[in-house]
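Chemist: Please find the sequence and the predicted model below.
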Amino acid sequence: MSAKTNSFLLDGVSRRDFLQYCVKLAALMALPPGTGRAFAEALITAPRPSVIWLSFQECTGCTEAITRSHSSPLEDLILKSISLDYHHTLQAAAGDSAEQARTLAIKNNSGKYLVVVEGSVPLKDKGVYSTIAGMSNRALLKKVIPNAAAVIAVGNCASFGGIAGAAPNPTGAAPISAIVTEKPIINIPGCPPIPTVMTGVIVYYLTYNKFPPVDDLFRPLSFYGKTVHDHCYRRSFFQRGKFAQSFGDWRARRGWCLFKLGCRGPTTYNSCSKIKWNDATSFPIYSGHGCLGCSEPEFWDSGSFYR
């Protein structure tokens, strides 16, 4: 057993639980039998890739989601399978030391490091609305991208512009895919994304050195190939024409469909109703609130729940 496997066990995760987690993750991604063991092998033996995590116009909710997952310590193991060399929220270094860490990570891992971006990029007025170490977000992105292996955009802001890009978009917020065109890129939208989706993409990349298949919006099909409505437990009521008339009425409490109250599950591609949140405890519709459509482009402007 390798030292890395031992570190998993020291963190309170048995070999059996570790393998079960990998198998479950592969199943959630609808991958062939045996993929779970490939995931486990990659997490144990693959070199830890350097990751540079850039925080632009965002609320840090995506970071909060992946680091506060209920299924810890298993989700935490994914973070220990990478070398998170630059992350404003999580790193101990600050100021010049932080920027030196980024520079060294690029120099020492040229062509091999992953770039994870959280937040949109302001393009108006030369990007003065969000700067890091005296550089605009766009300038920093252009500095980091050339020697990167691939790019992961996490959250609706990085994927599609998010709240900063909502009308009238005063900062000229743009998604990462509008700027990065020369590198493999994958979008993991949501406000925030489901932690399992983020870690699943990372594990897939560690295993196969490439991203899983994506749709036309660069979202992984394994997690965004079906709508929230497709797996919703209230779908049978939708099909029978039984709808709640107000939040909390007797129909809503009996599980009737929330479509007439603004639920956007039928047009939102995500795994919320399948994977759920907090160790598969619940998701918004199960808690009595309609889907907001947060994994879709322009969800703040296109008939949002609270407009």
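Modeler: Everything's here; your move.

Chemist: Give me the nearest residue to Gln100, chain neighbours excluded.
Modeler: Leaving aside its sequence neighbours, Gln100 sits nearest to Ala93 (Cβ to Cβ, 6 or more residues apart in numbering; 7.9 Å). Quick note: C-beta positions are derived from backbone N, CA and C, even for glycine.

Chemist: wait, that neighbour sits on Ala101?
Modeler: Yes. Assessed by Cβ atoms under 8 Å, Ala93 is found in contact with Ala101 at 5.5 Å.

Chemist: which of the two has more neighbours?
Modeler: Neighbours were counted for Ala93 and for Ala101 using other Cβ atoms under 10 Å; Ala101 has more, 17 against 14.

Chemist: Return the list of helices and strands in contact with the host helix or strand of that one.
Modeler: Remark: Ala101 resides in helix 95-108, with elements defined by DSSP states H and E. Packing contacts for helix 95-108, counted by 3 or more Cβ pairs under 8 Å, 6 or more residues apart in numbering; DSSP states H and E, involve strand 50-55, strand 83-86.

Chemist: Okay, angle between the longest one and helix 95-108 too, please.
Modeler: Put plainly, it is strand 50-55. Per axes from the mean of the first three to the mean of the last three Cα atoms, to 10 degrees, the angle that strand 50-55 makes with helix 95-108 is 140 degrees.

Chemist: just the helices in the stretch 1-150 of the chain please.
Modeler: 3-10, 15-28, 35-45, 61-67, 74-80, 95-108, 137-144 (DSSP state H, counting those that start in this stretch).

Chemist: Next up, the contacts around Tyr286.
Modeler: Applying Cβ atoms under 8 Å, 6 or more residues apart in numbering, we find Tyr286 in contact with Tyr233, Ser273, Lys276.

Chemist: which residues touch the closest residue to Phe39 other than its chain neighbours?
Modeler: Nearest non-adjacent residue to Phe39, counting by Cβ to Cβ, 6+ apart: Cys22, 4.1 Å away. Residues near Cys22 by Cβ under 8 Å, 6+ apart: Gly36, Arg37, Phe39, Ala40, Leu43, Val203.

Chemist: Recalculate using a threshold of 10 Å.
Modeler: Residues counted as contacts of Cys22 (Cβ atoms under 10 Å, 6 or more residues apart in numbering) are 35-44, 74, 77, 203, 207.

Chemist: what's the answer for Ala94, then?
Modeler: Counted by Cβ under 10 Å, 6+ apart, Ala94 has contacts His88.

Chemist: how near is it to Gln100?
Modeler: To Gln100, Ala94 is 11 Å away according to Cβ to Cβ, to the nearest Å.

Chemist: Arg15 too?
Modeler: Taking Cβ to Cβ, one finds Arg15 at 39 Å from Gln100.

Chemist: can you check Leu217 too?
Modeler: Leu217 is 36 Å from Gln100, by Cβ to Cβ.

Chemist: burial measure for the residue nearest to Tyr224 when sequence neighbours are not counted, as a count.
Modeler: Among residues not flanking Tyr224 along the chain, Tyr269 sits closest, at 4.4 Å (Cβ to Cβ, 6+ apart). The local packing of Tyr269 (other Cβ under 10 Å) involves 20 other residues.

Chemist: Please tell me I have it right and Tyr269 contacts Ser222.
Modeler: No. Judged on Cβ atoms under 10 Å, Tyr269 makes no contact with Ser222 at a distance of 11.6 Å.

Chemist: nearest residue to Ser282 other than its sequence neighbours?
Modeler: Closest to Ser282 by Cβ to Cβ, 6+ apart is Lys276, at 6.0 Å.

Chemist: pLDDT wise, what is that neighbour at?
Modeler: Note on Lys276: pLDDT of 90.

Chemist: buried stuff in the helix holding Ala101?
Modeler: Buried residues in helix 95-108, counting neighbours by 16 or more other Cβ atoms under 10 Å, are found at Ala98, Glu99, Ala101, Arg102, Ala105, Ile106.

Chemist: Mind putting those residues into CSV with distance to Pro284?
Modeler: Shown next, in CSV, are these (distance: Cβ to Cβ, whole Å):
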residue, distance to Pro284
Ala98, 36
Glu99, 39
Ala101, 37
Arg102, 36
Ala105, 37
Ile106, 39
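
Chemist: Three-state assignment for the nearest residue in space to Ala166 that is not next to it in sequence, please.
Modeler: Closest residue to Ala166 apart from its sequence neighbours, by Cβ to Cβ, 6+ apart: Trp300 at 3.8 Å. Under DSSP: H, G, I helix; E, B strand; the rest coil, the three-state class of Trp300 is coil.
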